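1. fold the following for me, if possible:
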Amino acid sequence: MAVLFHFVFTLFKIAVLASIYALLITSIIRMVTHIKVSKTKLWACSGAVISLALFIYMFTHWGDHGLGDYARIPLNHGKAVQQGDGTWTYITPKDYEHEVLVLNQFTFTDDYLIGTIDDPKVKKYAIWNLSTNEVVFKDSIPQKNFDSQLRDFYSHYKDYWGGWRFWLLA
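-> Below is the predicted model:
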C-alpha cells in the first residue's frame, strides 16, 4: 500500500513539475520567438513531453530513489545502496547476488564503498570495490579520515536526494 501511495504522489509531483516547466518554456518561447501558436496548446504539448521525460527518468539508475518503504542511493558503476522497511541498509556485491550484505554506517567515493557491519563471522569493515563488484572485510579502514565520514543511510539519502534533486526532479 505504501508503494502505491508513493507512486501516486510521484505522479502528482511529476504533473506539478511538468506544468511549471511547461509554463516557463511557453513564456520563454513566446517572448523569444513570435510564434502564432495558442499558448494553451504550446503549454499542453510541452507539459506532456516533460511529464513523459520525468516519468522515464524516474526509472533510470540515477533517477530511481525507491517507492514506499524501499529507498536507494545510486552509486557509480551501476551499483546502489538500498534500504528496506526503513530499518536495514544493504548492498549486493559479488557472491551476494542471492542474499544481501547488511551495513550499519557507510561512506563512499567514486570507486569504493566502506561500511561497518555486525556479522560475528567476518571483520568489522566491508570495503566494496564498485568497479569489480568485489567486497573484502578488514579490521580497520585503510585511511583514518573515512572513519569520521561514516554515517547512516538516512543522512546519505537526505544529502543525495534533498536540495535541487527534490525540487527539480521527480
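
2. what number of residues lie near the nearest residue to residue 92 once chain neighbours are set aside?
-> Leaving aside its chain neighbours, residue 92 sits nearest to residue 100 (5.7 Å; criterion: Cβ to Cβ, 6 or more residues apart in numbering). C-beta coordinates here come from the backbone N, C-alpha and C atoms, glycine included. Taking other Cβ atoms under 10 Å as the criterion, the count of residues near residue 100 is 15.

3. residue 100 contacts residue 91, correct?
-> Yes - contact criterion Cβ atoms under 8 Å: residue 100 and residue 91 qualify, at 6.9 Å.

4. do a quick rundown of the strands in this structure.
-> In the chain, the strands defined using DSSP state E lie at 70-74, 80-84, 88-91, 101-103, 106-108, 112-116, 125-129, 134-138.

5. mind giving me the packing neighbours of the first one?
-> Same thing as strand 70-74. Judged by 3 or more Cβ pairs under 8 Å, 6 or more residues apart in numbering; DSSP states H and E, the packing partners of strand 70-74 are strand 80-84, helix 153-161.
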